[in-house]
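Novice: Give me the fold of what follows.
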Amino acid sequence: MGVRRKAAIGAVGLLVVVGLVAAAFATGVLGAPSAGLIDHGDWGTVTENETEVVTTVWVDNPNPFGITLRNSVGVEYGLYLNGVGLAEGEKRGVDIPAGNTTVDISTYVRNDAIAPWWVAFVEDNETVHLRAESTADIDDGTVVADLPTQNRTMLANSTPVIDALSQSAAEAEGNYTRTVDTGLREETLGYEVRRGWASWGRVTDETTTVNFHYRIHNPGSVAPVPAVPEGLGMEIGMNDVTLFEAEGDRFETTDTERSAVIAPNETQSVTFTVRMNNSNVDDWFRSHVRNDERTTVETRVQLVFETGGETFRLPRLDGPGYTCEFQTAIMVDDQETATDCAQPDSVTPE
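Specialist: Presented below is the predicted three-dimensional model:
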């Protein structure tokens, strides 16, 4: 008998066995196995290339003997954050011994899914929506169990990342003036920042845009001052991963010409836009997982103006900037979602 014919007969035989077992379940000759969820997922091994998710289900076989149907019995799992499929996988060829047993399924977060999730995360106002799905089945369509779908929402009404950037922008609030000799008399030259904050702009898989908004007043009585800085420095680190940074004139202005000035005793609203590369977002995500889903955010923003031969740095010192923390509970059991990142209060009323 030829090899192909033997294989064909073997395949037909397996299908017959599967069909007979399914029929036995349906007619009550065999007790149908049941299944349930023990844990919708725990973080496993984290490497530079992938992040493991381990899901555990229980399966109860009421029959006095085990069930083995090669690849016909399996468990499938899917993890979705903000509607983006981060990890999907299955384990087939599951042996079901008599009685109760547990099955671990390992799936892996795809690095190429992190950037689309970041887009959804920012667009959802930094709220994390978790959905985890599991199914145990037999290949012929007989479903052993549709395991409960896990749904969870985290960081609702919290925006830790943009709040941290807003706090750094707000650190520029205050007076930055000097008395200069014009040759005729002494005059006040400089700036007063009445308010500073940040907001998200357009975000794609490749880039993230942040808008920095300022209410800037010219406290001088004679000379106008530039409304647009010579340079803008911005950095955001999360768990010591430099997520985004920009220096110098790598920014755009919104509704303000670069040559625009603020007249004496006048106040102007200006917006500076920084577009940054998302290449380090997956590095931060892995650090967040390794750190039990805790992230320390460090931000720094500084404007540099030049006028009348003087340089003004807002804020004055290159300090550590603003630091805060947030934590999630995607896979960490019994952990509360929390953050101490908060929106700034303006030190000077408009």
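Novice: center of the protein, which residue is that?
Specialist: Nearest to the geometric centre of the chain sits W118, at 4.6 Å (Cα atoms, centre = their mean).
Novice: part of a strand, is that one?
Specialist: No - looking at W118 with DSSP: H, G, I helix; E, B strand; the rest coil, it is helix, so not inside a strand.
Novice: you'd agree it is up against E206?
Specialist: No - when contacts are counted by Cβ atoms under 8 Å, W118 is not listed as touching E206 (10.6 Å). Using the backbone N, CA and C atoms, a C-beta is placed for each residue, glycine as well.
Novice: any shared contact partners between these two?
Specialist: N278 (Cβ atoms under 8 Å, 6 or more residues apart in numbering).
Novice: Enumerate every residue touching the residue nearest to the centre of the chain.
Specialist: Counting by Cβ under 8 Å, 6+ apart, W118 has contacts V203, T208, N278, V281.
Novice: ok, now with 7 Å
Specialist: By Cβ atoms under 7 Å, 6 or more residues apart in numbering, the contact list for W118 reads N278, V281.
Novice: Same check on G201?
Specialist: So G201 contacts T209, V210, N211, T273 (Cβ under 7 Å, 6+ apart).
Novice: count of residues packed around the first one?
Specialist: Read it as T209. Around T209 there are 16 other residues, counting by other Cβ atoms under 10 Å.
Novice: Against D334, how distant is it?
Specialist: According to Cβ to Cβ, to the nearest Å, T209 and D334 sit 37 Å apart.
Novice: now swap in the second one and tell me
Specialist: Distance, V210 to D334, using Cβ to Cβ: 34 Å.
Novice: Next: A136.
Specialist: Distance, A136 to D334, by Cβ to Cβ: 26 Å.
Novice: out of the two, which sits in the more crowded spot?
Specialist: Neighbours were counted for A136 and for D334 using other Cβ under 10 Å; A136 has more, 26 against 5.
Novice: Tell me where the stretch 151-300 of the chain is predicted with low confidence.
Specialist: By pLDDT under 70, the stretch 151-300 of the chain has no low-scoring segment.
Novice: what ranges do the helices span in it?
Specialist: For the stretch 151-300 of the chain, the helices defined by DSSP state H, counting those that start in this stretch cover 160-170, 281-290.
Novice: tell me what the shortest one is packed against?
Specialist: In other words, helix 281-290. Secondary-structure packing of helix 281-290 (3 or more Cβ pairs under 7 Å, 6 or more residues apart in numbering; DSSP states H and E): strand 34-46, helix 114-123, strand 241-246.
Novice: Tabulate the CA atom coordinates of that helix in CSV.
Specialist: C-alpha atoms of helix 281-290 as CSV (Å, rounded to 0.1, in the frame of the first residue of the first chain):
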residue,chain,number,x,y,z
VAL,A,281,7.3,53.6,22.3
ASP,A,282,7.7,49.8,22.3
ASP,A,283,10.8,50.1,24.5
TRP,A,284,8.8,52.0,27.0
PHE,A,285,5.9,49.5,26.9
ARG,A,286,8.3,46.6,27.7
SER,A,287,9.8,48.6,30.6
HIS,A,288,6.3,49.2,31.9
VAL,A,289,5.6,45.5,31.9
ARG,A,290,9.0,44.7,33.5
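Novice: buried sites along it?
Specialist: Within helix 281-290, the residues that count as buried by 16 or more other Cβ atoms under 10 Å are V281, D282, D283, W284, F285, R286, S287, H288, V289.
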